[in-house]
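Peer 1: need the 3D shape of this:
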Amino acid sequence: MTFCVYLTHPEVRIDPDIPVPEWGLSEIGRLRAEKARELGWASSIGHVFSSEERKAIETAEIFAAPVGIPVQIRHEFHENDRSATGFLPPKEFEAVADLFFSNPDESIRGWERARDAQARIVDAVSKTVANLPEEEPVLFSGHGGVGTLLKCHLLGVPISRRHDQNGGGHYFVFKKTDLATQSAEALDWIRL
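Peer 2: Predicted structure coming up:
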């Protein structure tokens, strides 16, 4: 069966003194990812791609190592650019994220616009799968924000936080053809 998995990194070690892209997995996050290697699709993966953020790379490595394949890092797979604000306390972050999704054509507090982040992640995933053999399953290790934007594209629906995951460490499975047809039937986030 040919498929793609979009996986978001699980829990991280939050440190306001370290740039967010450099945060790594927490002990709980690492344990959740290691346990998820037992999922049926994990042993079938032929390629593993990751954003260049540490937490995504660490997640990708947990899935790539048992099947003996390298993690291929792509800059374009990064989370929506939030460097204008840096770390925000959870309650404030959630409020800004709500605005990010509900106003996709606006830059909220200097963040990358949702529309631009969606175009970037869809283009990057589309170009990646176009250069791979059709029959080889692919794992993308990434982030909740751009994962939700990708999911909205695959479903052919407007950008909305209604399609977001509930916390980190979730995945959905899609067909490579969904990228072009935008007609995925159902893409539910599944918790690791």
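Peer 1: end-to-end on stretch 75-83?
Peer 2: In stretch 75-83, first residue to last residue: 15 Å (CA to CA, to the nearest Å).
Peer 1: hmm, who's touching it?
Peer 2: Applying CB atoms under 8 Å, 6 or more residues apart in numbering, the contact partners of stretch 75-83 are 20-21, 49-53, 56, 88, 100, 110-112, 114, 117, 120-121, 123-125, 140, 142-146, 149. Where you see a C-beta, it was placed from the backbone N, CA and C, and this is true even at glycine.
Peer 1: need the buried ones from the residues you listed selected in PyMOL.
Peer 2: PyMOL command restricting these to the buried ones, with burial defined by 16 or more other CB atoms under 10 Å:
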select buried, resi 20+21+49+50+51+53+56+88+100+111+112+114+117+120+121+124+125+140+142+143+144+145+146+149
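Peer 1: can you list contacts of the longest helix along the chain?
Peer 2: In the chain, with assignment by DSSP state H, the single longest helix is helix 114-130. Helix 114-130 has contacts (CB under 8 Å, 6+ apart) with 4, 6, 49, 74, 76-77, 80-81, 100-101, 103-105, 138, 140, 142, 145-147, 149-150, 152-153, 159, 176, 179-180.
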